[in-house]
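[1] below is the sequence, then the predicted model.
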Amino acid sequence: MRAVNLIPAEQRSGASVGAGRSEGAAYAVLVLLAGIALLAFLYGRADKQISSRRAQVATVTAQAQHAQAQAGRLAPYTSFVALREQRVKAVADLVDSRFDWAHAFHEFGRVLPTSVSVATLTGTIGAASGSSAAAAAPAPSASTSAPAGSASTSAPAASAPAGGAGSAAAAAQTVTSSTPPGSVPTFTLTGCAKSQPAVALMLTRLRLIDGVANVTLQTSAKSGSSGATASGTGGCQARQPAYTATVSFDPLPTPAATQSATAVSATKSTGGAR
Amino acid sequence: MTGRDRMVVIVVVLLAVLGGGWMLVVSPKSKEAGKLGKQVTEAQAQLASAEGQLSNARAAQTQYSRSYASIVSLGKAVPPSQEVPSLIYQLSQATNAKNVDFSSIAASAGPGSSSAGAASAATAAASAGFSQMPFTFVFNGSFFDLEHLFQQLNGFTVRKASGGLQVSGRLLTIQSVKLAPESSGGSGSAASQMLSGTVSATAYVLPAGQGLTGGATPGAPAGAATPVSSTTGAASSPTAPAIARVTP
């Protein structure tokens, strides 16, 4: 027996389920309405955001302007505090760039042996170590040429322009110190010793001074020896060697190094007697 | 046209209508809202910056009296003018305390200085820095008295352990020292122990025209008419003048 399809031929395929008599138009209208409703909702939300954000911008801008105006009225106070901080830093830099002369003299008094006497002791802050190698150990002729016991005042004028070109440039970035960081303190000692071994002992002891980088003997000659000069023997007893020695200290620290050292050794005294 | 074709056309038309509505109506509004959101963010950043400035300014106003006292105190270390009399007075007091004879003081010509004299002793240093005043002092005393004197000279302005500054006198930077037996003499063993110390040192003064406080008064800095905010209390009130005892 052959099966017979009783569905009309135009309805057998392609017809959607539930299309009904409107053939899907009702669904399309519903979807369209839903889409329009969604668009309307999004539009309304964006419009609301716009209005609220406009108001927010206006409010925040007004607040910012008000705050700026107030800050502007108080600007002299800010400037004054900045001036104060600038001065404190400048003075602190100058304080940090100083050499502790008292401590150096204390150390000389501590280490010099009794078999040695000092006729003159001249200390100067030399040029920066990086600018000139010769500056680290300046010729002591200016101080040794003067006879022992003289009260010459020419040494400071000769040593006043401390610091070379490099150190001057570095110092110009902040406050110009007369003893800029990197300068090398150098002492020149002249005097008499009881014997040549006493001079050797003195040189050894001088190396014990806190912060000393180098100790150099210039001359050590007895009055009767062939190498003795007028400056080298002045004031010494017969057969006692007159000596001239140079003591170079470490270069003066930079402010950053000084600050870190201050932070580490906060309990140390800043005075000379350590 | 079959039913399927009609459905396709309907869907396409729906998508076109909805897409067009989105692009023509909703999307511009969303973009405008996004732009305004960025403007809000920028305005809030401006507000935060302005509030930060205001906060700093209020803090500066609050600590004004302390800053004023500090800057006046710093004036003892680096005065606005040469103040040679006060320097001599301080050196005299220090030498008296250490049994040292203050023999002489002379203004030196500093580096870059072209003319002599006390008026020209102040040498213009770097533009941002202080002016230098080189001096040459001669002190007479024993070795250890001179050592103590140098310690006291350094002690006029020192760093505290906390990192601050303690100012009790003029800031001096010693460049050179020469110790030699005193020539003038006396007699006996005491005289033989006396040394003459020639010290080359530099004092500093503020740049010309800057003034110690830059025109500020104990009540308010230059340019501030009256205290602005009542919330800052008596810190900036003219009735609460600064006291120059606080160290920086």
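    That came through fine.
[2] now do the SS call for B:F137.
    strand (DSSP: H, G, I helix; E, B strand; the rest coil).
[3] hang on, A:D47 packs against B:P28?
    No - A:D47 is not in contact with B:P28 according to Cβ atoms under 8 Å; the separation is 10.9 Å. C-beta: built from backbone N, CA, C; applies to glycine.
[4] wait, does the longest helix along chain A contact chain B?
    Identified as the longest helix of chain A according to DSSP state H is helix A:25-73. Yes - if you take Cβ under 8 Å from any Cβ of the partner chain as the test, helix A:25-73 does meet chain B, through A:25, A:28, A:31-32, A:35-36, A:39, A:42-43, A:46-47, A:49-50, A:53-54, A:56-57, A:60-61, A:63-65, A:67-68, A:70-71, A:73.
[5] between A:D47 and B:P28, who's got more neighbours?
    Higher neighbour count among A:D47 and B:P28: A:D47, with 15 against 12, using other Cβ atoms under 10 Å in any protein chain shown.
[6] and that one, what pLDDT?
    Looking at A:D47, its pLDDT stands at 93.
[7] nearest residue to it other than its sequence neighbours?
    In this structure, A:D47 finds its nearest non-sequential neighbour in B:K29, 5.9 Å apart by Cβ to Cβ, 6 or more residues apart in numbering or on different chains.
[8] OK, contacts around the one you found?
    Shown in contact with B:K29 (Cβ atoms under 8 Å, 6 or more residues apart in numbering or on different chains): A:43, A:46-47, A:50.
[9] surely it is within a strand?
    No - B:K29 is assigned helix when assessed by three-state DSSP, not a strand.
[10] if I look at it, how far off is A:R54?
    Taken as Cβ to Cβ, to the nearest Å, the spacing of B:K29 relative to A:R54 amounts to 13 Å.
[11] give me the neighbour count for the residue of chain B found nearest chain A.
    Using Cβ to the nearest Cβ, the single residue of chain B nearest to chain A is B:S200, 2.7 Å away. Using other Cβ under 10 Å, B:S200 has 27 neighbouring residues.
[12] any idea how far A:V212 is from it?
    Using Cβ to Cβ, B:S200 is found at 22 Å from A:V212.
[13] please apply the same query to A:Q86.
    With Cβ to Cβ as the criterion, A:Q86 and A:V212 are 36 Å apart.
[14] looking at these two, which is more packed in?
    Neighbours per residue, other Cβ under 10 Å: of A:Q86 and A:V212, the larger number sits with A:V212, 18 against 12.
[15] what is the more buried one paired to in the beta sheet?
    Taking DSSP bridges as the rule, A:V212 bridges to A:F249.
[16] in the helix or strand harbouring B:D145, what counts as buried?
    Element membership of B:D145, judged by DSSP states H and E, is helix B:143-155. Neighbour counts over helix B:143-155 (16 or more other Cβ atoms under 10 Å in any protein chain shown) mark B:143, B:145-155 as buried.
[17] circling back: okay, the residue nearest to A:D47: pLDDT?
    pLDDT, read off for B:K29, is 90.
[18] what's the next secondary structure element after the helix or strand containing A:L94?
    Following DSSP H and E, one finds A:L94 within helix A:75-96. Following helix A:75-96 in sequence order, the next helix or strand is helix A:101-111 (DSSP H and E).
[19] returning to that earlier point: now do the helix holding B:D145 against helix A:75-96, angle only.
    Helix B:143-155 and helix A:75-96 are oriented at 160 degrees to each other (axes from the mean of the first three to the mean of the last three Cα atoms, to 10 degrees).
[20] partners of the helix or strand following helix B:143-155 in the sheet?
    Later in the chain than helix B:143-155, the nearest helix or strand by DSSP H and E is strand B:157-159. Sheet pairing of strand B:157-159 (DSSP bridges) gives strand B:165-167 (antiparallel).
[21] what sits up against the strand it pairs with?
    By Cβ under 8 Å, 6+ apart, strand B:165-167 touches A:88, A:91-92, A:95, B:73-74, B:76-77, B:156-160, B:247-248.
[22] ok, now with 7 Å
    A:88, A:91-92, A:95, B:73-74, B:76-77, B:157-160, B:247-248 (Cβ atoms under 7 Å, 6 or more residues apart in numbering or on different chains).
[23] against which helices or strands is the helix or strand just after it packed?
    Later in the chain than strand B:165-167, the nearest helix or strand by DSSP H and E is strand B:172-181. When contacts are defined as 3 or more Cβ pairs under 7 Å, 6 or more residues apart in numbering or on different chains; DSSP states H and E, strand B:172-181 sits against strand A:116-128, helix A:155-159, helix B:143-155, strand B:195-205.
[24] swap in 6 Å and give it another go.
    Applying 3 or more Cβ pairs under 6 Å, 6 or more residues apart in numbering or on different chains; DSSP states H and E, one finds that strand B:172-181 contacts strand A:116-128, helix A:155-159, strand B:195-205.
[25] worst mean pLDDT among these?
    helix A:155-159 (a mean of 31).
[26] and the pLDDT for residue 168?
    Let's take chain A. 33.
[27] the intended chain is chain B.
    92.
[28] and it, how many neighbours?
    B:S168, neighbours per other Cβ under 10 Å, totals 14.
[29] ok, now how distant is the residue nearest to it when sequence neighbours are not counted from B:L91?
    Of all residues beyond its chain neighbours, the one nearest B:S168 is B:F156 (5.7 Å), with distances taken as Cβ to Cβ, 6+ apart. Distance of B:F156 to B:L91, given as Cβ to Cβ: 10 Å.
[30] which of the three states applies to A:L6?
    Following three-state DSSP, the label given to A:L6 is coil.
[31] show me what contacts the closest residue to B:G141 other than its chain neighbours?
    Counting by Cβ to Cβ, 6+ apart, B:V100 is the residue found nearest to B:G141 once chain neighbours are left out, at 3.6 Å. The contact partners of B:V100, taken as Cβ atoms under 6 Å, 6 or more residues apart in numbering or on different chains, are B:139, B:141, B:145, B:149.
[32] which secondary structure element is home to the closest residue to A:R87 other than its chain neighbours?
    Of all residues not flanking A:R87 in the chain, B:L74 sits nearest, at 5.3 Å (Cβ to Cβ, 6+ apart). Assigned by DSSP H and E, B:L74 belongs to helix B:64-77.
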